[in-house]
Structure formats: structure tokens, C-alpha cells
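Student: Please work out how this folds:
(chains A, B, C and D)
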4 protein chains.
Amino acid sequence: MEVHINKNLSLSKNPHKERARMLISCPDGPGIVAAVSDFLYQHGANIIQSDQYTMDPSGGMFFMRVEFDLHELDRKLPEIEAEFKVIASKFTMDWKIHNVSRKKRLAIFVSKEDHCLVELLWQWQAGDLDAEIAMVVSNHPDMKEYVESFGIPYHLITVTADTKKEAEQKQLEVIGDDIDVIILARYMQIISPTFIHHYRNRIINIHHSFLPAFVGGKPYSQAYQRGVKIIGATAHYVTEELDGGPIIEQDVQRVSHRDDVSELKRIGRTIERVVLARAVKWHIEDRILVHENKTVVFN
Amino acid sequence: MEVHINKNLSLSKNPHKERARMLISCPDGPGIVAAVSDFLYQHGANIIQSDQYTMDPSGGMFFMRVEFDLHELDRKLPEIEAEFKVIASKFTMDWKIHNVSRKKRLAIFVSKEDHCLVELLWQWQAGDLDAEIAMVVSNHPDMKEYVESFGIPYHLITVTADTKKEAEQKQLEVIGDDIDVIILARYMQIISPTFIHHYRNRIINIHHSFLPAFVGGKPYSQAYQRGVKIIGATAHYVTEELDGGPIIEQDVQRVSHRDDVSELKRIGRTIERVVLARAVKWHIEDRILVHENKTVVFN
Amino acid sequence: MEVHINKNLSLSKNPHKERARMLISCPDGPGIVAAVSDFLYQHGANIIQSDQYTMDPSGGMFFMRVEFDLHELDRKLPEIEAEFKVIASKFTMDWKIHNVSRKKRLAIFVSKEDHCLVELLWQWQAGDLDAEIAMVVSNHPDMKEYVESFGIPYHLITVTADTKKEAEQKQLEVIGDDIDVIILARYMQIISPTFIHHYRNRIINIHHSFLPAFVGGKPYSQAYQRGVKIIGATAHYVTEELDGGPIIEQDVQRVSHRDDVSELKRIGRTIERVVLARAVKWHIEDRILVHENKTVVFN
Amino acid sequence: MEVHINKNLSLSKNPHKERARMLISCPDGPGIVAAVSDFLYQHGANIIQSDQYTMDPSGGMFFMRVEFDLHELDRKLPEIEAEFKVIASKFTMDWKIHNVSRKKRLAIFVSKEDHCLVELLWQWQAGDLDAEIAMVVSNHPDMKEYVESFGIPYHLITVTADTKKEAEQKQLEVIGDDIDVIILARYMQIISPTFIHHYRNRIINIHHSFLPAFVGGKPYSQAYQRGVKIIGATAHYVTEELDGGPIIEQDVQRVSHRDDVSELKRIGRTIERVVLARAVKWHIEDRILVHENKTVVFN
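Tutor: Numbering: from 1, shown residues only, chains lettered A, B, ... in the order given. Model (predicted):
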């Protein structure tokens, strides 16, 4: 049985073979930008874009993202990383250099609702997500055939109240350590603290957002009862605090009393898929720095 | 000492001398629209605009707003109201006819923050709020001179923990019953249930809104700490449940990590003044119907 | 060779077996709403939603959309339509009653860019477009396999400068008269006046929109050169005036100097697919009335 | 005759006594960021925020904005500026350092429509525009009393077809060279090329924007006739090409067929005042770099 997809869509080409992105977080102080930019200049790098942000000029945190081109990047990168340690140490930096030509590996978790998964697959297929979708993990078989039609492995790992721990163990095994980000694309199971700890700041979740927030079940029904005029969605990194992790992106849409619960849900799905896809894109492009419970997004 | 204002701005003219607006809420059932529109037709009214909405076709509530022109409205209105009682009774209607040429009377409550008051005064002066600002009530003297420069009475009624009850009694006296809507334009005192009951669905409040909602004090600091990407404001009718009344209007603006607490507050003030002014405009134009804890806004 | 699609998505169910929608345009005058609503009441219809709009109370056009439920609609509709002619004639109405249970038939035209087609297919598959996609017509073979995988006929009709007339003749033949709306989903061929005339107010096109408008080729390059801060898209009915027909829907997104031409195009594609899908949805739900070169959209 | 204003509003305090902002445009090349940041570091400056942007990595323009604190800025600035010339010369930089404690001087031009002027005065009074409003220039006497009530000089310079040249000469005299930006707040006279040349990239204009653009008079009537769904406004620097200069900011609002021409104008005024005030704020905060007919806005 063969399965076909929209071959008209070309997969993303990566035109940036010699490009890298450097992310830095450290306590603010004089000379950081000078040291970093001089270092890159001495090593022959050409800065394409550079963003900085200081939380509080008097003693706050400093964040920096530098995108640069470097001839023979693959060969020189190990050496550069080794030498940068001197600067990093001097300024107590938390830092990382990403080689753009090495595609990030994604694992997408999904349950039954498929709108977020479908949007991600579509954007990926259209070349708008410059990454490798390494696998889809689900507690339901529903999306298996569809996902596999893209040539993407589908791991069905059933989760019940009794098998929760074993299921998570299996998930850890199939995912492994060679994964850059896990996307909870409407995955309706609670993730354990152990799992979260394993992939700190590497799990992205999407959930609806309401003004005001509605506690308890059936939030769309509550939103309808209350007659809200705006509904939204929030993409965030997953932390031990349920839906309380660092916010990556949010968006909203105007609604009216004419929108019944099912229409509110339909609109909500559209916001969710757009917001999640934007958050994933920014993560892939190394645009997000996390400090405590907050993100700095250089977009 | 004379005080002057922007005389260049013309106060609102009312070109609709023979226009009325009818608001109806009742249990849905067949024949309502036919009965109302036939009644108006028989009385010589010309329907300018008509909006209807049924919450749930099988047994829900029905809402209707009809704007119509009628020759010699002032003279005929009492007779029409009397005759409409037959229809209203048949369909168990909650209804009201507003004569557009009778300007609504507003009382604005303010404390120290003046952005909402200033916007309302400005829109009123520019002719965009077709109403009479009957008075401003405040627990602080700060805005007295400015308000009076518009020719609007300013009632300073100090409120302390000890004099709360007396203060509210004084407020009730200066406001009286001939007021159509009370606007809490950043009035920072709790309103008592007695007061709320007296002006049911006639008190409009504005407050900031965040995704997620932040419990406790200093919400802008919390929003900054959490790195929210969107902040907003909600205008609602005041009920006994604090900030829990029927929502009239909401709006939001995108923010980023670069916006510090004071910048978030500045943006918040701009959203608040725009959202409150819209809610007041809709109330004045009889566009809002309240059912339980929800509004139907025909705009 | 088998081809598979996302079977998890359920096709739209139509829960409104006995629902109809009536659209009316006529010169304004007293008694129209009364006559229509009384007529429906006399025939046992229950009005679910009704919208009216008068362009200019003194002698302008009047527009009305009534959604109603009627027991045994299929059986009674011919009789109702026959009897309504008396009222229609009295008020010189342009009118139509749509039986909601009869799904509208769509023909989608596409060339090589597929984002709009894919969005429509996806929304249709998710049950958000309550219609039948009767066929896809294209001047390129690229999307054939993908479209047919949904069970939708794909008509490849090549168009060259020499064969333009014959090609259009073939298009007319495959489409026929039993089609409710033709959607130009980035179809990059000029449509002839004859074709437009044949499907008056039944052809929807989508195109990018810029502030300011850019004359000549490569509008995205021009927009980039000019440093626009907002880009958008417009869905409109096709008339003889190129891109000058009645506007159905528009939307925009904020961009910045950081967005290069290819990023502007990517953002543009997202706006185009959202705006076109909304316009198609409103057409399918009989929410659009056209008067001269303008739409009245009851949404 | 005394005139009074809202004294409750405190004028902007400038807490940044030792802060400066540096703006740089030059052809891109390696070592620029390193040279600038090292220079600032060597002179004891602490970088608060730094933004860079390269139009095209291979041979495009490079833009940089650095905000920094420096102890004893007033005393050291002349020396720093002198020494920076070496770096500036090496990289062929167009550059400027702005001392934040020196408030920018604004001249506002107005005719009869006052919404933009009133917004600017209000934001200025609320402390949200950190600048000095040096004067208001008008071809009409209408706003004289209101403007002077803020303690701002009002220069009435009548303009007729015959006196156009003399009027502009008078304007040049009252404005002089010590002005940072001229704001055309709905000033309805054409500015001559000579005048524009004199204040290159220092004149900001606001005008309405429509999708599509409407050629000829009465654009709001045309927009209404055409049934546009979105209207907007554009703030731009004035060049010899009418309304064709570098765009600083744009915004839009959704409208519907229900909005008649006067309502469209009312909405348009609100967008205009918000967009113009944002553009002025960014200019005052040295956030805008102009290259050819395009802006780079670091906000």
C-alpha cells in the first residue's frame, strides 16, 4: 500500500551552509558586546544580525543573539567553541552556538485533535519550518496512516492510568537524547516532572487563553456563558507548574455573542495552530532565550 | 479666574429628532419579529436598522434592537408605548423604547488616574459621544479645575474607611435617579452591593486584562515577570462579583520583553481609554442587551 | 497505486435539515420587514436569525437576510417560493431562498501556487466548509494527484496564448451551470468578460493588498523597497475591472524592515489563505449580498 | 484672561541624565560592531540596548542603534565625538550621537482638523512624549487659544495662492534651524521642495490609507462606495514625492458596510492620531534610520 502526499511542495532548502547563531545569557556588565563582537571579528566571522537586551541596566541580566557567516564553518566551529570559553568564563555566560546547516530534530506529540499537527506538517512540507520532524508520538492510532504518508515514523504509545509510568519510559526511549524540541500539539496527557526535567526548556505546549481565565472544565462553554469578546491561545515551554511555564507567543481573535460554543472552538483551533507554529519556528531559528519564568524572543 | 477649552470642537449635534430605538429581550418563539415589525408599520414607523439574535433556537432567549424614524415621535411615543404593552405581554418581553433626541445623562467617577476621564471628555467635546455629562464625582480634588473648565459640575466626596457609608449616601444624593449610566473611569473605591443594586446594568467599569490572569497585587509587575506577549483591557457592567459582571468590550495590544513595567502601564492606559470609550458609546446608542451575566452587543 | 488522506477528519455533517436562508435586496420603504416576517410566521417558519441594513434611510437600498427553520421544508419550499412572489413583486425585491440541506457546489481554479487550495481542502476536510467541492480546474498538472487523493475530480485544461478561447470553452463545459461558486485560488490566468458574465457574483478571487498600492510587477519587492509596515490580502468577486470587483473580506499583518522579500511572501501567503477561506465560508453560508460594486456581509 | 490646563498631569521627567543614543548607517563589512562596541567600552560606556540590521549580507547597508550610559556624559561627549571620527571614517559611516538629556524640539503644523494636534498635546502633557513642543504653526487662528493655554507659542501664518512663497519664508524664520522635527498634524497645505530640502528626514506627515488606494478626491466616500473592510493611516517622512516618502508607521482598523462615510472618517481620525503619535515618539527616541526611501525602525 502506497501513500502519497503533495509532491508539489518542495522541502525546505537550507541556503545557509556557513551560518551560525550564538545565544548568550549572562549578568550585565561593561564590555560584553565588545568582547563578543571582537572575538567573532578576529575569527573572520561576518555578523548578519545581532540583538541584545538588558533587563535592568543596573545589575540585571544581559541577553544576546548573534547570527553570523563564517567561511569553512564546519571545520572551524570546534576550535571557535573551545576558544570562546575564555570569554564565556570571564562574563559567567550561559551560551551556545548553533550551526544552522545542522537541522533541528523535532518530536511531535499528539492525541486525537489534529489541527496543530496538520499545520506543522503542512508548514514543514511547504518549506517554512527548517527542521527535521524525527517522529510523531501519540497515545492514539488515529493519525498513524496520515503521518506515515509523509515518511515520518509514528510511535503509538498507549497511556492508561495504570501504565502511565511505563508509557513515559517508552517515550523516553524512542525519543532519546538526540532531539532538539518536543512539541505538544494538543497532547492531552499530563507530563511528569521527570520527563520535563529531562527536556528542560525543550518542550513546547499550546493551550487556549481567555480573558478572564476560566477555572475548571469546559472553558469554551464558560467563555460563551460569560460573553467574552476576545479569545486566544498561548504557546509556552512546559514546566512543573501546569500551563505556567515561560510564554513564547500569544495571539487572539475577536468574537461576538453570535459565535456559539462550537464556533468559538473552531476559531480557537485556528489561533492555536497559528500560535504554535510561530513558537516552533522561533525555537528552530534560535530566537528564544529563557530566563527564570520568562522568555526573551528576538524576532 | 476664567478657564478655557478647545472651542474649535463643536459639541455633538443630534440630527435624529424623530428617531427611536427599541430594545427587546424575551423567550424565543414564533411570530415575535412579525408582531413587532407589523406593530411599527401600523404606527407609521420606518425601520432604519433592525438586529435580532436567538441564543438557542429551541427554547432560548430572543434579543432584538430596532432603530426607527417616526413623524411626530415626541407626541406619539406615549401612545405607542401604551399600545405596545399588549404585544409585550403576549411574548413576556422585557422592553424599552429610547427617544434618541433625549440625550442620555452620564455621571463619571474618577480617582487620581485621569486617562479615561480625559478621553471621555475629549470624545464628548469632539461630538463623538452623543450624551450629556451631568457630573463628575471624585474622592480626590485633583481634576476639579479641569472638569469645571468644561462647564461640568465636579462633586468632591472624600472616602475613608470610616466614612464609606456616608460617602456613598452623598453620592446617591448628588446622582439621584435621573441618570442613565455611571462610568467608573479608574475609580479606585469598592462600590457597595446597595449602590450596585440601585443602578443595575447602569454602572460601567474598566480594568486591565491579562493572559493569564494574575491574582494579587501589582498585575503589571507580574505580567512583566511572566513575559506576557499581549495585554488588554475589559469594560463590563458592575455586579456584586468583583470584576465579574457582563463584559461589554475588550481589546488587547501586543507587547514584548523590551517593554518594562512603566511602558506596559502606558500601553495599558491607552487600551483602557479606547475600550471604555467604546463601551460607553454603545451604551449611549442602546446597542447593549444584558441577559444573566452576558451581553448581546448589536454593533 | 493507492492514495490516502487524513481519515481522522470527519466530513461536515449538516444538522440543519429543515433550515433555509432568505436573501433580499430592494429599495427601502415602510413595511418590508413586517411583510416578510409576517409571511414567514404565517407559513410556520421560526426565525433563527435576521439581519437588516438600510444604506440610506431616505431612498436607499434595503438588504435583509433571514435564517429560519421550517418543518417539512423540502416539501413546502416550492409552495412558499411561489407565494412569496406577491410580496417580492410589491417591493421590487431581488430575492432568493437557499435550502441549507442542499450543499453548495464549488469549483476551485488553481495554477502552481497551492497554499490557498490546500487551506480550502483542509478546512473542507475538517468540516469547516459546509459544501461540496465539485472539481478542481487547473492549467498545470502539479496538483492532480493530491487533489484526486481527496476523491475530487481534477480537470487539467492547459492555457496558452493561442488556445485561450478554446480553453475557456472547455472550462465552461466541465463546470456547467450547476455550480454555486468558482474560487480562483491563485489561478494566474485572466478570465474573459464572457466567462465573468456567465458567473456574475459567483467568482471569488484573492490577491495581495498593499498600503500604498504598488503599480507594476513584483509588488512584494516594491513593498520591501518602500519599507511598508503592514501587508494584506483582499478577497473579492470578479468583475470586468481587474481586481476591482466588490470586496468580500480583507485582512492584514504587521511586518518590519527585518522581513525580506521571501518572508513578506510567506506572510502574504498565510493572509491570503485565511482571507480567501473566510470569504468562501461566508458565500457558502449566504451571508453576502452584492449591490453595485459593494458587498453587504452579514457575519 | 487666564487659561488653565490639566495640572494633574506631570510633564515628563527625564531620568536618563547620562544616557546617549548613537545611530549609524554604513555599507556592511566585517568588524563594525566590534569596532563600535570596543570604542564605547574603552570610553567607559555601558551599553543598555543595541540593535543592528543588515539589509543584505553580501554588500548591503548596515544599520545600528546603541543606547548607552556614560558617567559625566555632558563633559565627555565632545571628546568622544571627536575621537569616533576615526572609526566613522574607516567604515564610511553616516552617524550621530544624541544626548538624551537634551530634549528634542518639535514644531507642529496644523490647519483646522485638530485631532492629531490634541493627541500630541495630551501625550506630551501626560509625559509620554519626552520632548519640547517649541511652537505650533497654523494657517488658521482656530487653535490659538487652546495651544497657548499650554504655554506653547502659536504662530498664525496665513497662506493663500498668492502669498504661498512669503508664507513659507515666514515659516522658515519662526522655525529656524534649532528644530529637530516638524510634524504635519493634518496641515492641509503643500510644502515646497525648498522647505522639504531644508528639513530633510525631519518632517513627519500623517495621511489616511486605503486598500485599495483611491485616486482623486473624497477618499472616504470612495472607500464607502467600494465597501472596504479595512481602513488605515500611514505616518511618513515628507519627500518631494507627494505622500511617497519613507514610511515610519501604519495601522488599520476593521470596518463594515454599517459604517457610513462620517463613521469611517471618525474611525480614520482615531487611527491617524494613534499612528502619528507613535511615529513622533519613535523619532524623538532616535529609533528611526532612513535609507533611500525606506525606514529601519528599531522599536
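Student: CA atoms for contacts and neighbours, from now on please.
Tutor: Fine.
Student: So what pairs up with the residue lying closest to residue A:148 once chain neighbours are set aside in the strands?
Tutor: Excluding the flanking residues, the one nearest residue A:148 by CA to CA, 6 or more residues apart in numbering or on different chains is residue A:154, at 6.5 Å. Beta-bridge partners for residue A:154, by DSSP bridges, are residue A:136.
Student: For residue D:250, see how far away residue A:154 is.
Tutor: 45 Å (CA to CA, to the nearest Å).
Student: give me every residue that touches the residue nearest to residue A:148.
Tutor: Shown in contact with residue A:154 (CA atoms under 8 Å, 6 or more residues apart in numbering or on different chains): A:135-138, A:144, A:147-148.
Student: Same check on residue A:159?
Tutor: Residue A:159 neighbours (CA under 8 Å, 6+ apart): A:139, A:167.
Student: Name the SS class of it, please.
Tutor: Counting by DSSP: H, G, I helix; E, B strand; the rest coil, the backbone at residue A:159 sits in coil.
Student: That one and chain C, how far apart?
Tutor: Here residue A:159 is placed at a distance of 20 Å from chain C (CA to the nearest CA, to the nearest Å).
Student: How about residue A:23?
Tutor: 19 Å.
Student: Return the residues in contact with that residue.
Tutor: Counted by CA under 8 Å, 6+ apart, residue A:23 has contacts A:63-66, A:95-97, A:286, A:289.
Student: out of the contacts of residue A:154, who's nearest residue A:121?
Tutor: residue A:147 (8.4 Å; CA to CA).
Student: Now do the contacts for the closest one.
Tutor: Contacts of residue A:147 (CA under 8 Å, 6+ apart): A:136, A:153-154.
Student: May I ask you to confirm that it belongs to a strand?
Tutor: No - using three-state DSSP, the assignment for residue A:147 is helix, not a strand.
Student: hey, where'd the helices end up in chain A?
Tutor: A:32-42, A:73-90, A:115-125, A:144-148, A:164-175, A:193-198, A:219-226, A:261-284 (DSSP state H).
Student: Kindly reformat these as JSON lines containing mean pLDDT.
Tutor: Below are those laid out as JSON lines (pLDDT from 0 to 100):
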{"stretch": "helix A:32-42", "mean pLDDT": "94"}
{"stretch": "helix A:73-90", "mean pLDDT": "97"}
{"stretch": "helix A:115-125", "mean pLDDT": "92"}
{"stretch": "helix A:144-148", "mean pLDDT": "94"}
{"stretch": "helix A:164-175", "mean pLDDT": "96"}
{"stretch": "helix A:193-198", "mean pLDDT": "95"}
{"stretch": "helix A:219-226", "mean pLDDT": "92"}
{"stretch": "helix A:261-284", "mean pLDDT": "95"}
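Student: check contacts around residue A:225.
Tutor: B:293-294.
Student: any chance of the helices of chain A in JSON lines, plus distance to residue B:119?
Tutor: As requested, the helices of chain A are exported to JSON lines (distance: least, CA to CA, whole Å):
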{"stretch": "helix A:32-42", "distance to residue B:119": "44"}
{"stretch": "helix A:73-90", "distance to residue B:119": "51"}
{"stretch": "helix A:115-125", "distance to residue B:119": "41"}
{"stretch": "helix A:144-148", "distance to residue B:119": "54"}
{"stretch": "helix A:164-175", "distance to residue B:119": "56"}
{"stretch": "helix A:193-198", "distance to residue B:119": "48"}
{"stretch": "helix A:219-226", "distance to residue B:119": "27"}
{"stretch": "helix A:261-284", "distance to residue B:119": "32"}
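Student: Quick one, which of those gets closest to residue A:181.
Tutor: helix A:261-284 (8.1 Å).
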